[in-house]
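1. everything below, folded, please.
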Amino acid sequence: NSSGTSEMPVTFAPEAVPARFPRKLRELHGAHFDSTVWNDLAFRGDDVVVAGYAGSGTGWVQQIVAQLVFNGDPEVSIADISPWVDLRVGPVLARLAMLEAQTHRRILKTHLPVDALRFSRQARYIHVARDGRDVAWSLHNRHLHAADAWYAMLNDTPGRVGPPVPRANPDIAEYFREWLGGDGAPFWPFWENVRSWWAVRGLPNVHLVHFEALKRDMAGEIRRIADFLEIEVDPPSWPRILRHCGFDWMKANAPQVAPLGGALWEGGAETLINKGTNGRWRDVLTARDAADYEAAALAALDPEGATWLAGGAAA
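-> Residues are numbered from 1 along each chain as shown. Here you go, the predicted structure:
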């Protein structure tokens, strides 16, 4: 497809799960990810999986979960302890060994849709979503500032599926149109990712979070995440946890939060940790652009899902 990924059906079903729990139906391969990595992961009953399309706020939710798990410890680095499991490149076996060696509650990240993910009935899944127009703006920032080493890592290492990832179009409006028209190009499909998680929102071990809802009421959303994960936080720890989950703190400590410590981006980790501003597209996109996006959202999701994706209304 236009986003440069390939898929192959699988019958891999390692866990006996009730019919209402999803089963892995396919493997996805692209420049960025390889879904087969999950097949070799030994799940634990208290694992936390943070899922979402790139640019939706997965790093923010990883930070939130880490602060809850480690009781507001400012020294915890999600860049070191919470890997993107299905990342195609890098030492995959070392990544799995590192996770196996961890003795604390593990925090795992995925950018896969549900049907390409090996789903555990014991693990807790937090899916974070964001209006696709804001996602495209976030992707453009990290794509535009990617260093040569980022392109070399994705394009020149063995195992890439699809064409090489091209340089970012500097025109943000054109970049958005290419991304929307190509359903996530040159990254991977957007709509199937959001649709797959929206479809399983009723499962007892799935919790949906919206970027905009976190912006509106971060404290309330973090409390709901803590409840979902069954984490009891001492009241004196709450101010510290909230402080370490704010964008000002994360930007000041960006190497601890940014993927790979920000090493593959010009300007380092601070380039990736922005202010979390939504709606920057409003003064750039045309009315036709916005209408095209909204039509695509309605075609991919039901009206309730499209409304939730646009603004984070209660799911």
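
2. wait, H140 touches A173, no?
-> No: the criterion here is C-beta atoms under 8 Å, and H140 misses it with A173 at 9.9 Å. For the C-beta atoms, the positions are set from N, CA and C on the backbone; glycine is no exception.

3. which one of the two is surrounded by more residues?
-> Shown here are H140 and A173; by other C-beta atoms under 10 Å, H140 has more neighbours (21 against 15).

4. what residues of the helix or strand harbouring A299 count as buried?
-> Here A299, judged by DSSP states H and E, is contained in helix 287-300. Across helix 287-300, burial judged by 16 or more other C-beta atoms under 10 Å covers 289, 292-293, 296-297, 300.

5. go on, stretch 193-209?
-> Under the neighbour-count criterion of 16+ other C-beta under 10 Å, stretch 193-209 has 193-200, 203, 205-209 buried.

6. who's in contact with stretch 91-110?
-> The contact list for stretch 91-110 (C-beta atoms under 8 Å, 6 or more residues apart in numbering) reads 34, 37-38, 40-42, 44, 46-51, 58, 62, 65-66, 69-70, 78, 81-87, 117.

7. try 7 Å
-> Residues from elsewhere that reach stretch 91-110 (C-beta atoms under 7 Å, 6 or more residues apart in numbering): 37, 40-42, 44, 46-51, 58, 62, 65-66, 69, 78, 81-86, 117.

8. with just CA atoms, put that stretch into PDB.
-> The C-alpha coordinates for stretch 91-110 follow below in PDB (Å, rounded to 0.1, in the frame of the first residue of the first chain):
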ATOM      1  CA  PRO A  91      19.200  -5.200  18.700                       C
ATOM      2  CA  VAL A  92      15.800  -7.000  19.000                       C
ATOM      3  CA  LEU A  93      17.100  -9.900  21.100                       C
ATOM      4  CA  ALA A  94      18.800  -7.500  23.500                       C
ATOM      5  CA  ARG A  95      15.600  -5.600  23.800                       C
ATOM      6  CA  LEU A  96      13.700  -8.700  24.700                       C
ATOM      7  CA  ALA A  97      16.400  -9.800  27.100                       C
ATOM      8  CA  MET A  98      16.300  -6.400  28.800                       C
ATOM      9  CA  LEU A  99      12.600  -6.700  29.300                       C
ATOM     10  CA  GLU A 100      12.900 -10.200  30.600                       C
ATOM     11  CA  ALA A 101      15.500  -9.000  33.100                       C
ATOM     12  CA  GLN A 102      13.300  -6.200  34.500                       C
ATOM     13  CA  THR A 103      11.900  -6.800  38.000                       C
ATOM     14  CA  HIS A 104       9.600  -3.800  38.200                       C
ATOM     15  CA  ARG A 105       6.200  -3.600  36.500                       C
ATOM     16  CA  ARG A 106       7.000  -3.400  32.800                       C
ATOM     17  CA  ILE A 107       5.800  -0.600  30.500                       C
ATOM     18  CA  LEU A 108       5.800  -1.600  26.800                       C
ATOM     19  CA  LYS A 109       5.100   0.500  23.700                       C
ATOM     20  CA  THR A 110       3.500  -0.500  20.400                       C
END
